[in-house]
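*Asks:* Quick one, fold the following:
(chains A and B)
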2 protein chains.
Amino acid sequence: MHKLMDECLARMKQARDLPWQPKPCDLADRLSLQDAAKGVGSAQSLDQLAQDIMPYATGNTHPKFFGWVHGAGLPVSVGAEMVAATMNSNCGGRDHGAIEVERATLDWLLGVSGMPDTASAILTTGTSQATILGLTAARNRQFGHDVRKTGIQSLPKIAVYVRRGTHSCIGKALEAMGYGTDAIHIVDTDENMRMDIASLALAVAEDQASGRVPLAVIGTAGSVNTGSFDNLDKIADFCAEFDIWFHVDAAFGFWAKLADQPWKQLTDGMERANSISCDFHKWMSIPYDCGACMIYDRTLHFDTFTSRPNYLEQQEEGLGGGDLWFCDYGLELSRGFRALKVWTAIKSIGTDAFSASITDNCKQTFLMAELVEASDLLELSFPVSSNVCCFYVAHGEALLHKSPLWRASPDP
Amino acid sequence: MHKLMDECLARMKQARDLPWQPKPCDLADRLSLQDAAKGVGSAQSLDQLAQDIMPYATGNTHPKFFGWVHGAGLPVSVGAEMVAATMNSNCGGRDHGAIEVERATLDWLLGVSGMPDTASAILTTGTSQATILGLTAARNRQFGHDVRKTGIQSLPKIAVYVRRGTHSCIGKALEAMGYGTDAIHIVDTDENMRMDIASLALAVAEDQASGRVPLAVIGTAGSVNTGSFDNLDKIADFCAEFDIWFHVDAAFGFWAKLADQPWKQLTDGMERANSISCDFHKWMSIPYDCGACMIYDRTLHFDTFTSRPNYLEQQEEGLGGGDLWFCDYGLELSRGFRALKVWTAIKSIGTDAFSASITDNCKQTFLMAELVEASDLLELSFPVSSNVCCFYVAHGEALLHKSPLWRASPDP
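*Replies:* Below you'll find the predicted structure:
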């Protein structure tokens, strides 16, 4: 086991020399469990982890990996995951240390968000799950908790407002919730690739006239194709005026809250949302998977999801006690201890270092944009907002060598 | 880091001397991240993991922990989680080693299930999520994939048949899916606490007469309160005759497939299901969290969930290539590498050892039932089926000392 740890640490130290490499053709055969009646023992299986599996990672651990928005991981998380596996805690509920770690982590997260003291949160696998939680809370606020019993089929149709370029997880959440993607109303963007508030007002009026209930407006903080941010304050104003749920898809962009200006101000107004979803495994480099859902009203959050089977009846003391059971705040009864890797990272590295790294990342992107603008060969596809720089070869022979990277669609 | 590993391994070796203990009153203060601007460094934070957090685990790592159905964890998983954190793979898709590990793990799982070669599977956080996936596939088979776009609101009401004592995750899934718990039709049980097929037939006829569409029948393999199994073969016959989706909630009981007779036969008929959900973090002792959803038809499974945003457009080769993207089979785009801990456990320990351990667990439970029956003080609450023995103090003074453990409700 110590040898394997040395190999893990060596791999992290050598990350710079280890770009992504294709997996060997016979890897599937080597990994087969078809003849697994007899185990090979821990020594041999751990050797195979180091030799056959570890070298063929996603590539995101290399400092020059710019594919998608993968986080790079953190060495200290290796220790956290090791302890989490040793403890083997079920974080669905009960009164034990892991619940306190998640509580401390979420208190910190809610502090970063700037949401009111009444807010609550839960860790999820990522923003896809967090979006389902947020929109389910919106549904329950709109139609009352009886919807948990009677369902949506006898209720009016709803509309959810997104701007062009919104992430596909919104549609996937609405599909899973039974509304279908027809519930999505796409709103035009302004010249800065932000949701156009006049178009939003028109869209809402149109739906209300036809009997559709505006369920939620989705603001985007850090779009995946261009890194752009909606004007969250303006959306918050609009939602407050029309009493519509305001959800922020901040999968990536939430962490601009930790950045220096001018990037920090991109998130202004997010703290006024009814729900926010974000990922830790992107800009915060926490190992996969880890996201969160924040909801402005703890009572609503609890009432949307609480449902204890009789064998989990609340007890006054002991392991069956405790006042924070996460199964009351989400869809899962059994939950892993993903809080520990977040807690350990924040505790050991500190928020200042994350802030500096995120700020630096934005600076690099702005520098890249400057270089593109200074080039005779390249053109920017869109203005840079945060950490995404899209450009293309506009002049010269290189145009012939189109690669898929240059085919990313704009989100405005 | 090596010191921390020694502490993890020591904790596992000493498990027998480490029962659950209440967390200290000041733990919340000690864990607070309120002043986290400056990190304390990895050495100090890892020390705190060992001292303040690791001792206050759920208790399930102790060999005499009989609370709920928690698995105990496995030492070899510490190595697997360490490697997974180092690799930091996103298992939503792409062409890399982690996908091959999940593929090998799922091939093995499907082999254990006995489902047809056309079946596919995906790892989830647990049965709660797997149930949502299975019932969503049922919904799409019943109403066509257009339901992804148009939703369920214009469709007929549905009914899902469960027997008394079915797990609450079914209700929670139906709530999340927009059907509401009113969609549940509870079917009576027979004298062996199994779903009564005559009552099921009556329930289906009643719903069909009133225009409700029978969407799915849920068979239970290993109920949480009594460990009982439905007669899955009879339910499969019924579902085949009436063309109704057959889902098996096998969160715990799936693994009786690995047990010796007579317990193995409890699962007969499960292989005829349209979908099966199960957990690895229970009877298989894989660390939290890890479950799976199996669906009998890979094409249906894919068509129910595939939805690629444009930045994940399929590429012919390289990291963006590959023919198995798990985001096409579930709700998540970012996914952790939970396959590695399963793969490592099977590879190193082998299925024979798991079989022996599960069989032994059933034998212990039957022995406990014999001792209860031989006692002047105790009475069995229900006949023992697999690994749960419910009993109570029926005679003598101990009756005065009722504890919450004895208040578990029956599921028949």
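*Asks:* near chain B at all, stretch A:259-279?
*Replies:* Yes. Residues of stretch A:259-279 contacting chain B under C-beta under 8 Å from any C-beta of the partner chain: A:Asp279. The way it works is simple: take the backbone N, C-alpha and C, and place the C-beta from them, glycine included.
*Asks:* Quick check: mean pLDDT of that stretch?
*Replies:* Averaged across stretch A:259-279, the pLDDT comes to 98.
*Asks:* any idea which element the residue nearest to A:Asp188 when sequence neighbours are not counted lies in?
*Replies:* Of all residues not flanking A:Asp188 in the chain, A:Ser199 sits nearest, at 4.2 Å (C-beta to C-beta, 6 or more residues apart in numbering or on different chains). Using DSSP states H and E, A:Ser199 sits in helix A:197-209.
*Asks:* What about A:Leu380? Give its phi and psi, please.
*Replies:* With angles defined as degrees, to the nearest 10, A:Leu380 sits at phi -70, psi 140.
*Asks:* what residue is smack in the middle of chain A?
*Replies:* A:Asp279 (2.6 Å; C-alpha atoms, centre = their mean).
*Asks:* wait, what's in contact with it?
*Replies:* A:Gly126, A:Thr127, A:Ala251, A:Phe252, A:Phe254, A:Cys290, A:Gly291, A:Ala292, B:Ser334 (C-beta atoms under 8 Å, 6 or more residues apart in numbering or on different chains).
*Asks:* Quick check: beta-bridge partners of it?
*Replies:* Following DSSP bridges, A:Asp279 is listed with bridge partners A:Gly291.
*Asks:* and the residue in the stretch 251-400 of chain A positioned nearest to chain B, how many neighbours?
*Replies:* In the stretch 251-400 of chain A, the residue that lies nearest chain B is A:Gly350 (3.1 Å; C-beta to the nearest C-beta). Per other C-beta atoms under 10 Å in any protein chain shown, the neighbour tally for A:Gly350 reads 20.
*Asks:* Not counting residues beside it along the chain, what's closest to it?
*Replies:* Closest residue in space to A:Gly350, ignoring its immediate chain neighbours: B:Gly39 at 3.1 Å, by C-beta to C-beta, 6+ apart.
*Asks:* My guess is that neighbour contacts A:Phe354. True?
*Replies:* No. Using C-beta atoms under 8 Å, B:Gly39 makes no contact with A:Phe354, being 9.2 Å away.
*Asks:* thinking again about what came up before, let me know the closest of the contacts of A:Asp279 to A:Asp360.
*Replies:* For those, the residue nearest A:Asp360 by C-beta to C-beta is A:Phe252; the value is 15.8 Å.
*Asks:* And that closest one, its phi and psi?
*Replies:* The phi/psi pair for A:Phe252 (degrees, to the nearest 10) reads phi -100, psi -50.
*Asks:* Now do the contacts for it.
*Replies:* Going by C-beta under 8 Å, 6+ apart, the list of residues near A:Phe252 reads A:Val69, A:Ala221, A:Gly222, A:Val224, A:Gly227, A:Cys278, A:Asp279, A:Lys282, A:Trp283, A:Asn387.
*Asks:* ok, now how distant is the residue nearest to A:Asp188 from A:Phe238?
*Replies:* Distance of A:Ser199 to A:Phe238, computed by C-beta to C-beta, to the nearest Å: 11 Å.
*Asks:* Compare those two and say which one has the larger neighbour count.
*Replies:* More crowded of A:Ser199 and A:Phe238, by other C-beta under 10 Å: A:Phe238, with 19 against 16.
*Asks:* Report whether that one is found in a strand, as I expect.
*Replies:* No. Going by DSSP: H, G, I helix; E, B strand; the rest coil, the assignment for A:Phe238 is helix, not a strand.
*Asks:* Give the full set of residues in contact with it.
*Replies:* A:Ile197, A:Leu200, A:Ala201, A:Val217, A:Ile244.
*Asks:* Over to A:Arg298?
*Replies:* A:Arg298 touches A:Thr118, A:Ala119, A:Ser120, counting by C-beta under 8 Å, 6+ apart.
*Asks:* Ramachandran coordinates for it?
*Replies:* phi -60, psi -40.
*Asks:* can you check A:Ile295 too?
*Replies:* Dihedral pair for A:Ile295: phi -130, psi 130, per degrees, to the nearest 10.
*Asks:* a markdown table please, covering the contacts of A:Phe252 and showing secondary structure.
*Replies:* Shown next, in a markdown table, are these (three-state DSSP):
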| residue | secondary structure |
| --- | --- |
| A:Val69 | coil |
| A:Ala221 | strand |
| A:Gly222 | coil |
| A:Val224 | coil |
| A:Gly227 | coil |
| A:Cys278 | strand |
| A:Asp279 | strand |
| A:Lys282 | coil |
| A:Trp283 | coil |
| A:Asn387 | coil |
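*Asks:* Least confident of these?
*Replies:* In terms of pLDDT, A:Val69 ranks lowest among the contacts of A:Phe252, with 84.
*Asks:* Any figure for the gap between that residue and A:Ala374?
*Replies:* From A:Val69 across to A:Ala374, the span is 26 Å (C-beta to C-beta).
*Asks:* Show me which helix runs longest in chain A.
*Replies:* Secondary structure of chain A per DSSP state H: the longest helix is helix A:351-374.
*Asks:* can you count the residues close to the residue nearest to A:Gly350?
*Replies:* Neighbour count of B:Gly39, defined by other C-beta under 10 Å: 19.
*Asks:* helix, strand or coil for it?
*Replies:* Following three-state DSSP, we place B:Gly39 in the coil state.
*Asks:* Quick check: residues of the stretch 151-300 of chain A near chain B?
*Replies:* Contacts of the stretch 151-300 of chain A with chain B, taken as C-beta under 8 Å from any C-beta, map to A:151-153, A:155, A:157, A:167-169, A:171-183, A:224-225, A:279, A:281-282, A:287-291.
*Asks:* The same query, at a cut-off of 7 Å, please.
*Replies:* Residues of the stretch 151-300 of chain A found near chain B (C-beta under 7 Å from any C-beta of the partner chain) are A:151-153, A:157, A:167-169, A:171-172, A:175-183, A:224-225, A:279, A:281, A:287-289.
*Asks:* Count the neighbours of the closest residue to A:Pro63 other than its chain neighbours for me.
*Replies:* Leaving out its chain neighbours, the residue that sits closest to A:Pro63 by C-beta to C-beta, 6+ apart is A:Arg16, at 5.8 Å. Neighbour count for A:Arg16, taken as other C-beta under 10 Å: 10.
*Asks:* What does A:Arg16 show for phi and psi?
*Replies:* Phi and psi for A:Arg16, reported as degrees, to the nearest 10, are phi -60, psi -30.
*Asks:* The strand ranked longest in chain A - contacts with which helices or strands?
*Replies:* Taking DSSP state E as the criterion, chain A has its longest strand at strand A:213-220. Using 3 or more C-beta pairs under 7 Å, 6 or more residues apart in numbering or on different chains; DSSP states H and E, the elements in contact with strand A:213-220 are helix A:127-143, strand A:158-163, helix A:197-209, helix A:232-242, strand A:245-249.
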